[in-house]
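In: Below is the sequence, then the predicted model.
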Amino acid sequence: MISDLLSDSVRAAGLGALMRGAGLVTRFIPFPQPTLLVGPGSSGRLGQAIAGFGHNKILIVTDSIISKLGLLKDLTDALTSGGAQYVVFDEITPDAPIPLIEKGIAFFESHGCDAIVAFGGGSSMDASKAIAVAVANPKPLRQLAGYFKGLRNPVKIYAVPTTAGTGSEVTVAAVISDPDAQRKLVIVDPRMVPRMAALDPTLMTGLPPHITAATGIDALTHAIEAFVGHWATPYTDDMALSAVGLIFENLRVAYTDGKNLEAREKMALASTYAGFAFTRANVGYVHAIAHQFGGKYHTPHGLANAIMLPRVLKYSKPAIIDRLALLAVRAKVGKEGEPDESLADKFLDAVDRLNKDLGIPTCLDALQEADIPALAKAACREAHTGYPVPRYMTQEVCEDLIRQALPKAPTRSRRRKKAA
Ligand SMILES: NC(=O)c1ccc[n+]([C@@H]2O[C@H](COP(=O)([O-])OP(=O)(O)OC[C@H]3O[C@@H](n4cnc5c(N)ncnc54)[C@H](O)[C@@H]3O)[C@@H](O)[C@H]2O)c1
Ligand SMILES: [Fe+2]
């Protein structure tokens, strides 16, 4: 037992040192940033701008819901009046499965396209990034997963996010899913960062409350994990704190009053700021576990994060009390000058309250006890090979945290009601 504890703490120290070292290197890698157009009507302005860039034909990648809601109109009207040719591929489904991306690649090639507008939530934006890398580097998508696997530059991408969550419009990552292996794969390449992005709140006013909630907590998780991890820099701290402040001020409003343009715009900005923070400072165990839930059970990404965030933060607290205290002040749930320990607790309570107010469940209905060891193993592998986590977790601890999210057995009175 003692030797187990010793080897865990030696491993933790080793991994911590390795990750800190990696952070010293990555902070000097230049990441491109898109030109941002912000405000109502900005998707049309993005169309006007790219119509003048001389592309032969632009592929718009989106999903059928967005297409049916007519959200593409401002963009396509502007492309048409600017004389640009475009085609629409609107078949993306959540978590961008490989076979659909392959269909998108064939569509891009058969129409002779040379640029992509990624229009939608993270699934459409990440499918676009994967298509952009794959058409320039024709090899199986599974072989493009990982860091810098494509030799040639991806084709140019422009982005219009329609959820305020992933921040993919500014990040170096694309998350896709491999349905055969029931896994999510991550492609990382700074050259996939879109050249220009439009944050247009008018596109987000019809986002249903449960998606507003889950995607908003995804953005919050990006900001928090970037802020408490070992790769944080003064720049990522600024971005993360701004995102946290905006989310605590606006997510409840966007959830209860979806048509509120000001709250929608501020959430869109928060999501982008959180994207700037985590694309450099990276994420942590919440995402490592959420990716396993997504791969195995198709749990929406933001919901998976929301269920695990409070638990991972409580476990990490001893290593990050000072950082949680700063987050509490920025979220306006405590005041500067209060003891850090009490501010940290206030922030943890505030995250719980926010989840509750947004109707986020505390458990994951699909979760099965028998799956937990494999889920924890895969989550620890993901975290320990790339995320600069503030407090190391053994597989056993990870299993325990996941176990807390098991659905509660129905009580006798609930069972009786159900039977009736
Ligand atoms: N690349 C990154 O940096 C990054 C970061 C975080 C998450 N992700 C990935 O992004 C994916 C999740 O993206 P998401 O959370 O944005 O969800 P999503 O793109 O899967 O969309 C969720 C649902 O919302 C609908 N929707 C989107 N915008 C809408 C709108 N304006 N009005 C009405 N309905 C709308 C979609 O049709 C879909 O049914 C996951 O695969 C996740 O792993 C990527
Ligand atoms: Fe995320």
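Out: That came in fine, so what should we check first? Numbers count the residues shown, from 1 in each chain. Ligands and ions are numbered 1, 2, ... in the order given.

In: Could you find the closest non-adjacent residue to the spatially most central residue of the chain?
Out: The centroid of the chain falls nearest to residue 166 when counting by CA atoms, centre = their mean (3.4 Å). Nearest residue to residue 166 in three dimensions, chain neighbours excluded: residue 122, at 3.3 Å (CB to CB, 6 or more residues apart in numbering). C-beta here means a position set from N, CA and C on the backbone, and glycine is covered the same way.

In: Just to check, the one you found is in contact with residue 177?
Out: No: judged on CB atoms under 8 Å, residue 122 makes no contact with residue 177 at a distance of 11.7 Å.

In: ok, these two, which is more surrounded?
Out: Counted by other CB atoms under 10 Å, residue 122 and residue 177 do not tie: residue 122 has more neighbours, with 28 against 24.

In: what residues does this protein put near ligand 1?
Out: Neighbours of ligand 1 within the chain, by CB under 6 Å from any ligand atom: 63, 65-66, 69, 94-95, 120-124, 126, 162-163, 165-168, 171, 173-175, 203-204, 206-207, 211, 215, 218, 294, 301-302.

In: Whichever of those end up buried, select them in PyMOL.
Out: Selection of buried members from the residues of the chain next to ligand 1 for PyMOL, criterion 16 or more other CB atoms under 10 Å:
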select buried, resi 63+66+95+120+121+122+123+124+126+162+163+165+166+167+168+171+173+174+175+203+204+207+211+215+218+294+301+302
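
In: So which of the residues of the chain next to ligand 1 are in helices?
Out: 65, 66, 122, 123, 124, 126, 211, 215, 218, 294, 301, 302 (DSSP state H).

In: Relative to ligand 1, which of those residues is nearest.
Out: Ligand 1 lies nearest to residue 122 out of these, by CB to the nearest ligand atom, at 2.1 Å.

In: Where does pLDDT dip in the stretch 101-250 of the chain?
Out: Scanning the stretch 101-250 of the chain for pLDDT under 70 picks out nothing.

In: Tell me which stretches of it form strands.
Out: For the stretch 101-250 of the chain, the strands defined by DSSP state E, counting those that start in this stretch occupy 115-120, 146-147, 156-161, 173-178, 183-188, 196-199.

In: Point out the other helices and strands that the first one packs with.
Out: Packed against strand 115-120, as judged by 3 or more CB pairs under 8 Å, 6 or more residues apart in numbering; DSSP states H and E, are the following elements: helix 42-51, strand 58-61, helix 122-136, strand 156-161.

In: what's the angle between it and helix 122-136?
Out: Angle, strand 115-120 to helix 122-136, by axes from the mean of the first three to the mean of the last three CA atoms, to 10 degrees: 160 degrees.

In: Extract the CA atoms of strand 115-120 and return them as CSV.
Out: Extracted as CSV, the C-alpha positions of strand 115-120 are listed here (Å, rounded to 0.1, in the frame of the first residue of the first chain):
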residue,chain,number,x,y,z
ALA,A,115,-12.0,26.9,-49.4
ILE,A,116,-14.4,26.1,-46.6
VAL,A,117,-16.9,28.0,-44.5
ALA,A,118,-17.4,26.1,-41.3
PHE,A,119,-20.9,27.0,-40.2
GLY,A,120,-22.4,25.5,-37.0
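
In: Residues touching it, excluding its own?
Out: Surrounding strand 115-120, the residues in contact under the criterion CB atoms under 8 Å, 6 or more residues apart in numbering are 43, 46, 50, 53, 55, 58-63, 66, 71-72, 75, 86, 92, 108, 124-125, 127-129, 131-132, 155-163, 168-169, 194.

In: how about 7 Å then?
Out: Contact with strand 115-120 is made by 55, 58-63, 66, 72, 75, 92, 124-125, 128-129, 131-132, 155-160, 162, 194, as judged by CB atoms under 7 Å, 6 or more residues apart in numbering.

In: try the shortest one
Out: Strand 146-147 is contacted by residues residue 188 when judged by CB under 7 Å, 6+ apart.

In: change it to 8 Å
Out: 186, 187, 188, 189.

In: Considering those, which possesses the most neighbours?
Out: residue 187 (25 neighbours).

In: contacting residues around that residue?
Out: Per CB under 8 Å, 6+ apart, neighbours of residue 187: 129, 130, 133, 144, 145, 146, 149, 173, 174, 176.

In: about what we covered before: okay, the helices and strands packed on strand 115-120 in JSON lines with distance to residue 368 next?
Out: Output for those, formatted as JSON lines (distance: least, CB to CB, whole Å):
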{"stretch": "helix 42-51", "distance to residue 368": "42"}
{"stretch": "strand 58-61", "distance to residue 368": "34"}
{"stretch": "helix 122-136", "distance to residue 368": "25"}
{"stretch": "strand 156-161", "distance to residue 368": "33"}
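
In: follow-up on the earlier one: just the buried residues of the contacts of residue 187.
Out: Buried among these by 16+ other CB under 10 Å: 129, 130, 133, 144, 145, 149, 173, 174, 176.

In: right, and out of these, which lies closest to ligand 1?
Out: residue 173 (4.1 Å).

In: that older thread, show me the two of the ones in helices among the residues of the chain next to ligand 1 that sit farthest apart.
Out: Using CB to CB, these span at most 20.2 Å, a distance reached by 66 and 294.

In: show me the contacts for residue 330.
Out: With CB under 8 Å, 6+ apart, residue 330 has these contacts: 241, 244, 245, 248.

In: got those as JSON lines, with distance to residue 337 columns?
Out: Listed next are the contacts of residue 330 as JSON lines, based on distance: CB to CB, whole Å:
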{"residue": "241", "distance to residue 337": "18"}
{"residue": "244", "distance to residue 337": "19"}
{"residue": "245", "distance to residue 337": "18"}
{"residue": "248", "distance to residue 337": "19"}
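
In: Highest neighbour count among the residues you listed?
Out: residue 244 (27 neighbours).

In: Am I right that it is in contact with residue 332?
Out: No: at 9.9 Å, residue 244 does not count as touching residue 332 under the criterion of CB under 8 Å.

In: Residue 327 touches residue 245, doesn't it?
Out: No: judged on CB under 8 Å, residue 327 makes no contact with residue 245 at a distance of 9.5 Å.
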